[in-house]
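*Asks:* turn this into a structure:
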Amino acid sequence: MFKAGKELWEAGERILTAFAALLGVLVKTLPSVMLAGLIALGGVWVLNNLDVSTLHLPSFLQLSSR
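*Replies:* Modelled structure (predicted):
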């Protein structure tokens, strides 16, 4: 009984150690994930708020000929 209890205790310690390592990796990668999300959010904002009618294209890019 003592041996089984000891093995269960050691297994529990290994599980908690692995979980703590997983949390450490997640916290370590969080800044880069947040930065990528902010860049994507900025791109979506620009696409939603860009008024292309005010942009003046060069003549070789315009579709209509005058």
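*Asks:* what residue ranges in the protein score low on pLDDT?
*Replies:* Within the chain, the segments meeting pLDDT under 70 span 64-66.
*Asks:* could I get the full set of helices for this structure?
*Replies:* 2-49 (DSSP state H).
*Asks:* spatially central residue for it, please.
*Replies:* Centroid-nearest residue in the chain: Val33, 3.0 Å away (criterion: Cα atoms, centre = their mean).
*Asks:* for Trp45, see how far away that residue is.
*Replies:* 19 Å (Cβ to Cβ, to the nearest Å). Yep, even glycine has a C-beta here, placed from its N, CA and C like the rest.
*Asks:* may I see the buried residues of stretch 40-51?
*Replies:* Along stretch 40-51, no position meets the burial threshold by neighbour count (16 or more other Cβ atoms under 10 Å).
*Asks:* mind listing residues that contact it?
*Replies:* Stretch 40-51 has contacts (Cβ atoms under 8 Å, 6 or more residues apart in numbering) with no other residue.
*Asks:* again with stretch 8-15
*Replies:* Contacts of stretch 8-15 (Cβ under 8 Å, 6+ apart): none.
*Asks:* phi and psi next, for Leu55.
*Replies:* Leu55 adopts backbone torsions of phi -80, psi 140, taken as degrees, to the nearest 10.
*Asks:* burial measure for it, as a count.
*Replies:* When neighbours are defined as other Cβ atoms under 10 Å, Leu55 has 7 of them.
*Asks:* again, but for the one 4 residues further on
*Replies:* Applying the criterion other Cβ under 10 Å, we find 8 residues in the vicinity of Ser59.
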